[in-house]
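> Coordinates for the following, if possible.
(2 chains)
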Amino acid sequence: MTFSGALTLTDLNDFITPSQACIKPVEEVKRPEDYKEPGAASTAIHVDSAGSYYEVTANGSLNGVSSSRKLETAQISLNDCLACSGCITSAESVLITMQSHEEVFNFLSTNPPRTSPEHRIPVLSISPQSLASLSASLSSSSSASISISQVLRRLRVICKNDLGFTHVYDTTFARHIALLEHAQEFSERRAGTGSAENKLPMLSSACPGWVCYAEKTHAEMLPFISRSKSPQQVMGTLVKHWLGEKWGKKPHQIYHVTVMPCYDKKLEASRQDFYNDLYSTRDVDCVITTGELELMMRARNSDLSASVPDEERHLSPSEPNFDDLPELLSHPGSSSGSYLQSLISEYLTDGSELSTRTIRNADYEEHVITNKSTGNVVFKGAKCYGFRNLQNVVRKVGKEAGVQIGRGAAGRLSSVRTKRNMSSRGGKNAEVEKDKAYDYVEVMACPSGCVNGGGQLKSQITRSQNQDNAEETSEARWGDKEWTKRVEEAYWHNLPTPPPSPSFSPVSAETYDPHVFANEFARRILVDLCKPHNGAESAWRTRMDADAEKMRASLFRTQYRAVESNVVGLQVNW
Amino acid sequence: MDSDVLMDHNTEFQLMQVAEFSNHEERVWHLAWNPTRPLLASCSSDKSVNLYHYDTTGKFEQATSISTGHSKTVRAVAWAPSGKTLATASFDSQVGIWEQEEPEEEGGAPGEWECTILEGHENECKCVAYSSSGTLLATCSRDKTVWVWEVQPDSEFECVGVLMEHTQDVKCVAWHPTEEILASASYDDTIRLYVDDPDEDWYAFQVLSGHESTVWSLAFSPCGKYLASASDDLTIRLWRRAAQFKWEPIGMLRGHDRTIFSVSWGLGNGDGENAGWLASTGSDGKINVWEMKAPENGTLDSKLIATLRDAHSVSDVNCVAWNPRPGLGDLLATAGDDCSVRVWRITGVA
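Okay, here's the model as predicted:
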């Protein structure tokens, strides 16, 4: 591009190449230099056929032998990405070496045998959205539909026999615990018993893309974001602490891999908060996507389309069994974790009614519970998916809570009178109630939520050829939408239907209700891990003694911190 | 129709300077004529917006200067079709929406300009544009995205689309004159066209490729059948709407020997086959005006009718804009690196 003759260095960024290259500075450790001939020729860089870089002294040596030194490759770890705000959540485009299926293969092939004290137990935990993606994919290439419980059973065989995992779980029980803790946190916030920092509306925190975005660009949203751990990280706690103890293993003696619909889950697992300093290990050692799991199976020639014995066996045991984690617990609501629904279930009573309003499309819905007799709003929540809707939530929550939105915006417009909201609202109570602020928002960065995550298998609906440009585009869009719909169907298909409002009552011996059983299981885990004084009476939703509560916070909650941008300043001032 | 126009030949029209303002302290980036009132707005690296008033005799004077509070360059300005609201796009990543306070008493002087801030872009916001109905606002940025906002009562805005189609810096957004079709131009050399899917989100229905370098500016023809794009490849390309969701190349104009930064498509003088006047400016400091004709046979003919060198002495000319108000279609304004805003009238050569 041609520069005009009068170009000066101002904040004229129209001329800067805008690609967001990674800006992580590469550190190089200077080695003591060899004695250099005065005036010796400088070195050159050569690239060999394997792509390695060598620094070569160009025929300058006295003995005529040119020496070459292999140069270090610059490494960008996920931690670098988390600490930087250069690019937002574009984990997919970052060179990810610490968490990939190659890394899992690498671990499995170098893991010492079971008899060795160095052996680490390989555990795989798969998300229900990943199972749904695999199920939709299998079903599209076969005459019969393959349910997610069949997929889980087949995976269990493949992961144990072909890949070498010792245990294979799904993450729905971890999600059950995450939902319990989530509801507990919400009731604390609502009662104002949490710390002053904890505000309403509470915003869900299971989507790492959203959390990462908020930390980098909307620090003012952080107090609203739920501190409860995501299902992945609860699973990490269960595997490394509770199951580990059952197996007589320390956290670092277990290698825990999760399979997720989303690349940003890799960032989540890499957070410093989930690193155990004592044992130098993470709660989740490696996260792979659904697509990467498929690559692994392909590399081992595993056939997920082949059925395995007993794959259609009924899921629920006839007797409650507290030896192994419950599997494939269905949580009605959304295919992204049912966070909103779990709260609705709690506040919806016989005396109240629920109304649902779709705003534009299913990615933005408002759910309002009103008291039938008084008409008062008891609870107002929303489900908000996709980057665009997320923007509106940030604006709305910021406005309602009276916080200034945006990075460094405070004082920016000090010289200008900022527009006030002049309109006076009608004094009628009903009007005011209608405008009641949200109590809770289930936020997900992907349109359609987690079933449509970036790590899922690609659409297998074939696109028709020979279309002109515009039609092809809409065809592709239709295909992707249709595919997401099928994954969504697979997600809900063939799961035992739980009662519409799962109750958190103690287990009853007569009928097997997976949720009641799961609650009792969760209660036992809480008691095992937190060791409250009044163990037997403790339940997930009761407050325990201070020490036990502290333990609960360390095991099932987390924290967020604003990432200061150091990038914008660098880029604009030249 | 690659009309390799000869530059300094005698033309039928000439550009006469009507006014010149040098009130900005730094380069002037962009201009917007108010669609309903006799006002012209300019914005600058000095972070201010200046408003100029003109009367029926064509006399221009500076009306006011707004210190926007933006912390960096104000790169673009746009008026809402009502003429009451002004939007600013700044390198500080924010978009400002400006409305003048109602007069305290009836007939009194209007109050100060008040601002609502739209945030969302990651970094430098490059352009802002209102749809023809005024219900939608589009913005674009170096962060490669185009955002569509719905304008709601009480200065509220709802984001209705974040379009991540471009692979580089987005330089310009422009709305179709009557329909809700949005076009964006980028450093990735492409133009993208978007519409709303009422059941879903905004989406890109077509990519217009052909330019060999950055596309800096876009202008739909007043009739809405054509689109002009100006580029660093020294061409203006013309595109025709062939079907509801299909645009195709129909021609190319040459006439600049440095980057073309801005193109504006005015009503022209209303001749029979008239498709308006197209004006362009750029780094070569030149203003070119083409008369566009769309005869029955479906072609789009162009003729260079006026050209002016060194419009802002030796400086780049960053923006050109025709006055959109009826009966004033012979007025155009330019903004330059020499910190000046100039207004020109195109007149026939006697």
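
> Give the helix, strand or coil label for A:Val104.
With DSSP: H, G, I helix; E, B strand; the rest coil as the basis, A:Val104 sits in helix.

> wait, it sits on A:Met296?
Yes: A:Val104 lies in contact with A:Met296 (Cβ atoms under 8 Å); the separation is 6.8 Å. Heads up, the C-betas are built off the backbone N, CA and C, glycines and all.

> so what sits against both of those two?
Shared contacts of A:Val104 and A:Met296, defined by Cβ atoms under 8 Å, 6 or more residues apart in numbering or on different chains, comprise A:Ile288.

> Distance check, A:Gly337 against A:Ser127.
Here the criterion is Cβ to Cβ, to the nearest Å. By it, A:Gly337 lies 10 Å from A:Ser127.

> Could you tell me which residues touch both of the two?
Contacts common to A:Gly337 and A:Ser127, judged by Cβ under 8 Å, 6+ apart, are A:Pro231, A:Cys450.

> quick one: the strands in the stretch 51-200 of chain A?
A:53-57, A:68-70, A:121-126, A:167-170 (DSSP state E, counting those that start in this stretch).

> export those to CSV and tack on distance to A:His182 and mean pLDDT?
Shown next, in CSV, are these (distance: least, Cβ to Cβ, whole Å; pLDDT from 0 to 100):
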stretch, distance to A:His182, mean pLDDT
strand A:53-57, 49, 72
strand A:68-70, 50, 72
strand A:121-126, 19, 97
strand A:167-170, 19, 96
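
> Between these, which one is closest to B:Pro249.
Each of those has some distance to B:Pro249 by Cβ to Cβ; the shortest is strand A:53-57, at 44.1 Å.

> burial count for A:Ile461?
Using other Cβ atoms under 10 Å in any protein chain shown, A:Ile461 has 15 neighbouring residues.

> who's in contact with it?
Applying Cβ under 8 Å, 6+ apart, we find A:Ile461 in contact with A:Ser140, A:Gly479, A:Glu482, A:Trp483.

> hmm, which two among those are most spread apart?
It's A:Ser140 and A:Gly479 that sit farthest apart of the contacts of A:Ile461, by Cβ to Cβ, at 11.7 Å.

> Secondary structure class of B:Arg345, three-state.
Strictly by three-state DSSP, B:Arg345 counts as strand.

> hang on, isn't it packed against B:Ala19?
No: assessed by Cβ under 8 Å, B:Arg345 is found out of contact with B:Ala19, at 9.7 Å.

> Which secondary structure element is home to B:Cys127?
strand B:125-130 (DSSP states H and E).

> Parallel or antiparallel, list what pairs with the next helix-or-strand element following that strand.
For strand B:125-130, the succeeding helix or strand toward the C-terminus, using DSSP H and E, is strand B:136-141. In the sheet, strand B:136-141 lines up against strand B:125-130 (antiparallel), strand B:146-152 (antiparallel) (DSSP bridges).

> ok so, going back, quick one: closest of the strands of the stretch 51-200 of chain A to chain B.
strand A:53-57 (27.5 Å; Cβ to the nearest Cβ).

> and the closest one, which strands flank it?
Here strand A:53-57 is paired, per DSSP bridges, with strand A:43-47 (antiparallel), strand A:68-70 (antiparallel).

> near chain A, which residues of the stretch 201-350 of chain B show up?
B:201, B:203-207, B:213-214, B:232, B:243, B:245-246, B:258-259, B:283, B:314-316, B:337 (Cβ under 8 Å from any Cβ of the partner chain).

> Produce a PyMOL select command limited to the buried residues of these.
This is how PyMOL selects the buried members of those, with burial counted by 16 or more other Cβ atoms under 10 Å in any protein chain shown:
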select buried, chain B and resi 201+204+205+206+214+232+245+258+259+283+315+316+337
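
> circling back to that earlier point, right, and the strands paired with strand A:53-57 - which one's nearest B:Asp143?
Ranking the strands paired with strand A:53-57 by proximity to B:Asp143 (Cβ to Cβ) places strand A:43-47 first, at 33.1 Å.

> for the closest one, what is the average pLDDT?
Here strand A:43-47 scores 72 as its mean pLDDT.

> next one: that strand to chain centre, how far?
Here the centre of strand A:43-47 is set off from its chain's centre by 42 Å, with Cα atoms, centre = their mean, to the nearest Å.

> Export that strand to CSV, keeping only CA atoms.
Only the C-alpha atoms of strand A:43-47 are listed here, as CSV (Å, rounded to 0.1, in the frame of the first residue of the first chain):
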residue,chain,number,x,y,z
THR,A,43,26.0,-16.0,11.4
ALA,A,44,23.1,-17.1,9.1
ILE,A,45,19.9,-18.9,9.9
HIS,A,46,19.2,-22.1,8.0
VAL,A,47,16.1,-24.2,8.0
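
> Look up the pLDDT of residue 83 for me, please.
Just going to use chain A. In this model, A:Ala83 carries a pLDDT of 55.

> Not quite, go with chain B.
Taking B:Gly83 on its own, its pLDDT is 95.

> sorry, back to before: would TSV of the strands paired with strand B:136-141 with mean neighbour count, mean pLDDT and distance to B:Ile191 be doable?
Below are the strands paired with strand B:136-141 laid out as TSV (neighbours: other Cβ atoms under 10 Å in any protein chain shown; pLDDT from 0 to 100; distance: least, Cβ to Cβ, whole Å):
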stretch	mean neighbour count	mean pLDDT	distance to B:Ile191
strand B:125-130	27	98	13
strand B:146-152	21	95	11
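
> Poorly predicted segments of the stretch 1-150 of chain B, please.
B:1-10 (pLDDT under 70).

> residues from it in reach of chain A?
B:26-27, B:45, B:67-69, B:71-73, B:75, B:91-94, B:99, B:112-117, B:119-120, B:122-124, B:126, B:142-144.

> Understood, closing this out.
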